[in-house]
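Chemist: with the sequence up front, the predicted model follows.
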Amino acid sequence: MSLSGFMGEAYAGKVRGEKRLEEKRGEFLLGFEDLAQRLEERPKRAEVEALAPRDGETILSLVHSASPKGRREGMIWGILTSLAAERLPSPLVIQPQDYAGLELRGGTIILDAKASPPGSKGWGSDGSGQVRGSWNRAHHLGERISGGRLVVRGGAGDYLGQEMVGGGIVAASCGDYAFRNMRGGWGVVRGDAGNYLAVGNSGGKIAVKGRAGARAGWLMRSGRIRVRRDAGEYLGLMMSGGEISLLGKAGARAGWRMRGGLIEAEGYGPQAGDDSVGGRLLCRGDP
């Protein structure tokens with residue numbers, strides 16, 4: 001029996017029908033599962049990059065073939081999406097899935113329910129613009145990105161853009177803890193944002209074209225938030241710097257225990273600025 005025949009028989013049913021992937025260093029990967037087994041319990045981008053193929057198209061085949069199980073494999077898959085986007089000449093268009101765009105440094109990733117990996121069924125457009133299959137509100141999208149662009153053509157789940165330091169993210173809407181601990185870059189939410197937007201931020205710019213939930217800007221130290229509509233209670237809770245601007249009204253207790261920074265809104269709910277020791281609350285339209 002030939003070596004290729006022996007390997008094919010030995011790994012039958014274990015590699016999801018994918019062909020063996022060869023690295024330029026001469027090592028072999030037998031698919032996503034093989035890559036995951038070679039990595040530490042808490043994989044780092046540098047470790048994934050060292051084992052992954054060099055060619056963007058080959059990395060893309062790993063992305064499409066993978067069925068991540070659990071957080072660890074999800075993070076490995078997310079890093080692979082970023083490596084593929086950085087090495088492909090055109091934007092990477094894939095279905096939304098947790099950790100997509102993890103630690104992205106360049107290129108563009110577009111998350112679209114219409115995207116279909118080779119051989120998949122039940123997804124895509126029926127020709128009238130209607131999408132077959134439901135939208136997946138994936139979590140941890142664009143986490144720790146430092147460059148490039150992530151476009152989410154639908155609602156993102158929780159932790160969108162967490163710990164980002166550069167680059168840009170656009171999403172139709174988002175869940176809780178979006179842009180948490182942001183230090184740089186920019187984010188645009190075309191609809192509504194959930195609770196705890198921009199918690200602990202020390203930089204970056206965020207624009208929300210809908211409304212923001214409760215406790216936006218909590219512990220904010222620097223950066224900017226712009227919200228076109230209203231925001232929930234405790235806006236700018238314990239913030240020490242940065243700027244928050246609403247075209248609508250803030251809920252109760254805006255600026256509570258505020259130590260610095262600026263909040264500007266069309267109006268405020270009860271107990272605005274209670275226990276604050278610094279910073280400013282401005283009401284738009286006041287002389």
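Modeler: Perfect, I can see it now. Numbering: from 1, shown residues only.
Chemist: need the nearest residue in space to Ala252, chain neighbours excluded.
Modeler: Closest residue to Ala252 apart from its sequence neighbours, by C-beta to C-beta, 6 or more residues apart in numbering: Gly269 at 3.8 Å. Quick note: C-beta positions are derived from backbone N, CA and C, even for glycine.
Chemist: the one you found: how many residues sit nearby?
Modeler: With neighbours defined by other C-beta atoms under 10 Å, the count for Gly269 comes to 18.
Chemist: quick check: phi and psi on it?
Modeler: With angles defined as degrees, to the nearest 10, Gly269 sits at phi -80, psi -180.
Chemist: now the closest residue to Asp158 other than its chain neighbours: how far from Arg226?
Modeler: Using C-beta to C-beta, 6+ apart and skipping the chain neighbours, the partner closest in space to Asp158 is Gly175 (4.1 Å). Gly175 is 19 Å from Arg226, where distance means C-beta to C-beta, to the nearest Å.
Chemist: ok, now Gly167?
Modeler: 19 Å.
Chemist: same question for Leu235.
Modeler: Per C-beta to C-beta, Leu235 is found 13 Å from Arg226.
Chemist: look at those two and report which has more neighbours.
Modeler: Leu235 (35 against 17).
Chemist: for the more buried one, give me the pLDDT.
Modeler: Listed pLDDT for Leu235 reads 98.
Chemist: tell me who's in contact with it.
Modeler: Shown in contact with Leu235 (C-beta atoms under 8 Å, 6 or more residues apart in numbering): Ala212, Arg215, Ala216, Gly217, Ile244, Leu246, Ala250, Gly251, Ala254, Gly255, Ile263, Ala265.
Chemist: and for Pro89, the neighbour number?
Modeler: Around Pro89 there are 7 residues (other C-beta under 10 Å).
Chemist: that one sits in which helix or strand?
Modeler: Using DSSP states H and E, Pro89 is not contained in any helix or strand.
Chemist: which parts of stretch 213-231 are buried?
Modeler: 213-227, 229-231 (16 or more other C-beta atoms under 10 Å).
Chemist: what about the helices in the stretch 1-150 of the chain?
Modeler: 3-10, 32-38, 45-51, 56-65, 70-87 (DSSP state H, counting those that start in this stretch).
Chemist: highest mean neighbour count out of these?
Modeler: Stretch with highest mean neighbour count among the helices of the stretch 1-150 of the chain: helix 70-87 (a mean of 22; mean count of other C-beta atoms under 10 Å).
Chemist: for it, C-alpha coordinates in PDB please.
Modeler: Below are the C-alpha coordinates for helix 70-87, written out as PDB (Å, rounded to 0.1, in the frame of the first residue of the first chain):
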ATOM      1  CA  GLY A  70     -15.800  24.800  23.100                       C
ATOM      2  CA  ARG A  71     -14.000  28.100  23.900                       C
ATOM      3  CA  ARG A  72     -10.500  26.800  23.200                       C
ATOM      4  CA  GLU A  73     -11.200  25.500  19.700                       C
ATOM      5  CA  GLY A  74     -13.300  28.600  19.100                       C
ATOM      6  CA  MET A  75     -10.400  30.900  19.800                       C
ATOM      7  CA  ILE A  76      -8.100  28.800  17.500                       C
ATOM      8  CA  TRP A  77     -10.600  29.100  14.700                       C
ATOM      9  CA  GLY A  78     -10.900  32.900  15.400                       C
ATOM     10  CA  ILE A  79      -7.200  33.400  15.100                       C
ATOM     11  CA  LEU A  80      -7.200  31.400  11.800                       C
ATOM     12  CA  THR A  81      -9.900  33.700  10.400                       C
ATOM     13  CA  SER A  82      -7.600  36.700  11.100                       C
ATOM     14  CA  LEU A  83      -4.600  35.000   9.600                       C
ATOM     15  CA  ALA A  84      -6.600  34.200   6.400                       C
ATOM     16  CA  ALA A  85      -7.900  37.800   6.200                       C
ATOM     17  CA  GLU A  86      -4.400  39.200   6.600                       C
ATOM     18  CA  ARG A  87      -3.000  37.100   3.800                       C
END
